[in-house]
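>>> attaching a predicted model along with its sequence, questions to come.
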Amino acid sequence: MECMEEGYLAKIIHGDGAKEIKVGEVIAITVEDEEDAAKFKDYKPSTSDASAAPKDQPAAAPPKEEIVEKPVSSPEPKASKPSPSPKGDRIFASPLARKLAEDHNVPLSSIKGTGPDGVIVKADIEDYLASGRKEVSAGAPKVDTALGYTDIPHSQIRKVTASRLLLSKQTIPHYYLTVDTCVDKLIDMRTRLNSLQEASGGKKLSVNDLVIKATALALRKVPQCNSSWTNEYIRQYQNVNINVAVQTDNGLYVPVIRDADKKGLSTISEDVKNLAQKARENSLKPEDYEGGTFTVSNLGGPFGIKQFCAIINPPQAGILAVGSAEKRVVPAAPGPDQFKFASFMSVTLSCDHRVIDGAIGAEWLKAFKGYIENPESMLL
């Protein structure tokens, strides 16, 4: 809940997960001065009406009056300044909006508030960022020629990425499963489909487009992997939304392909290209990257990495790391001395062991490998 007033949180009456809270019931107490917070350490709201409180608990009456009067009186000073004022006047914004603007280096003077009496709220900052206007530079790198290093300020996307990756590695028990998949049939089918795409004026399909489709179908076949952990239950998602890792000059983005199991290959390819372009332009909106249920990270095709282990994107329970394809010599039928060349691609599944048991992870990789090695089944 976004608070319109600055101050200090003195007491939480109803915390996270509280249920059956009545309308008008006090859920928390804030104070203007930090030293006043200690006065409410042992405070408990009365179950009776406010009128009975002075007789039973005379000491608790002043805090109650302070809580009741604060929201009533607070709009009055704002009435004289209903919107962000001209240069030199005070700009009214909620604490959360100020923090968000500071993190993104957004000047509050350039934003018109839509909150009560023209107060700038969180949604105003998000709309400003989503409108395509780039965040202000975090500052020039600091160079020390004597010691030979350069201090590069953190961008906002770098801060968010660092925070989420640290949270993932500290709180999610990772384990990893790796399998090699033969991609000869996949490459052959991609060649034939691209010929049809060119004839119809469409764009070419990439191997990663086919990997995304196979991932989505495997999640539909093994839905336990399309889940996330909470302290009270495991949430299993009905939609298959695949986040795709995209590296840009600004940092790492993970736009989402929604309902990837239901989309055709050409639609998936078009979505990936459009979202990757928006990521490079730093113009992704929250709906472009929120709501994913599983992530695919491919360092094989673009960079030639043979195999790697990716970090799970919370609150998801799995991420697939895709390596490069390489030719290998393998036995060929019918004789034992017969050999042939085949292309193999290594993939590694990172799993949250709280959600995905080892056998379930292996079952998912088996389903994924089946779609990759028999790609025609993805079209059925």
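All right, it came through fine. Nothing here was measured: the structure is a model prediction, and the numbers come from that model.
>>> low-confidence stretches in the stretch 1-150 of the chain?
Within the stretch 1-150 of the chain, the stretches with pLDDT under 70 are 1-5, 47-89, 131-145.
>>> try it again with 90
For the stretch 1-150 of the chain, the stretches flagged by pLDDT under 90 are 1-119, 121-150.
>>> quick one: the strands in it, in order.
In the stretch 1-150 of the chain, the segments counted as strands under DSSP state E, counting those that start in this stretch are 8-12, 28-31, 142-144, 149-151.
>>> any chance of these in TSV, with distance to residue 165 and mean neighbour count too?
Every C-beta, even on glycine, is put in place using the N, C-alpha and C of the backbone. Shown next, in TSV, are the strands of the stretch 1-150 of the chain (distance: least, C-beta to C-beta, whole Å; neighbours: other C-beta atoms under 10 Å):
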stretch	distance to residue 165	mean neighbour count
strand 8-12	29	15
strand 28-31	31	19
strand 142-144	25	10
strand 149-151	21	10
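>>> using TSV, lay out those strands together with distance to residue 268.
Output for the strands of the stretch 1-150 of the chain, formatted as TSV (distance: least, C-beta to C-beta, whole Å):
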stretch	distance to residue 268
strand 8-12	45
strand 28-31	45
strand 142-144	43
strand 149-151	40
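>>> just the strands in the stretch 151-300 of the chain please.
Assigned strands in the stretch 151-300 of the chain, in chain order: 174-182, 227-229, 234-236, 242-244, 246-247, 252-253, 256-257, 294-298 (criterion: DSSP E, counting those that start in this stretch).
>>> helices of the stretch 101-250 of the chain, start to end?
122-130, 156-171, 184-199, 207-221 (DSSP state H, counting those that start in this stretch).
>>> repeat for the stretch 251-380 of the chain
For the stretch 251-380 of the chain, applying DSSP H, counting those that start in this stretch gives helices covering 265-280, 286-289, 300-303, 358-373.
>>> tell me who's in contact with residue 363.
Residue 363 makes contact with residue 222 under the criterion C-beta atoms under 8 Å, 6 or more residues apart in numbering.
>>> check what pLDDT it gets.
Note on residue 363: pLDDT of 98.
>>> measure it to residue 109 for me?
In this view, residue 363 and residue 109 are 57 Å apart by C-beta to C-beta, to the nearest Å.
>>> cool, and residue 370?
58 Å.
>>> also residue 93?
Distance, residue 93 to residue 109, by C-beta to C-beta: 11 Å.
>>> ok, these two, which is more surrounded?
residue 93 (25 against 11; other C-beta atoms under 10 Å).
>>> I'd say that one and residue 100 touch.
No. Counting by C-beta atoms under 8 Å, residue 100 is not a contact partner of residue 93; they are 9.4 Å apart.
>>> residues in contact with the residue nearest to the spatial centre of the chain?
The residue lying closest to the centre of the chain (C-alpha atoms, centre = their mean) is residue 290, at 5.4 Å. Shown in contact with residue 290 (C-beta under 8 Å, 6+ apart): residue 256.
>>> repeat for residue 265
By C-beta under 8 Å, 6+ apart, the residues touching residue 265 are 193, 205, 209-210, 213, 378.
>>> ok, now with 6 Å
By C-beta atoms under 6 Å, 6 or more residues apart in numbering, the contact list for residue 265 reads 205, 209, 213.
>>> quick one, grab the pLDDT at it.
96.
>>> so how far is residue 216 from it?
Residue 265 is 11 Å from residue 216, by C-beta to C-beta.
>>> please apply the same query to residue 164.
The spacing between residue 164 and residue 216, counted by C-beta to C-beta, is 23 Å.
>>> what does residue 345 give?
Per C-beta to C-beta, residue 345 is found 17 Å from residue 216.
>>> cool, residue 109 as well?
Counting by C-beta to C-beta, the gap from residue 109 to residue 216 is 45 Å.
>>> with residue 245 instead?
Taking C-beta to C-beta, one finds residue 245 at 16 Å from residue 216.
>>> compare these two (neighbour count), which wins?
residue 216 (27 against 19).
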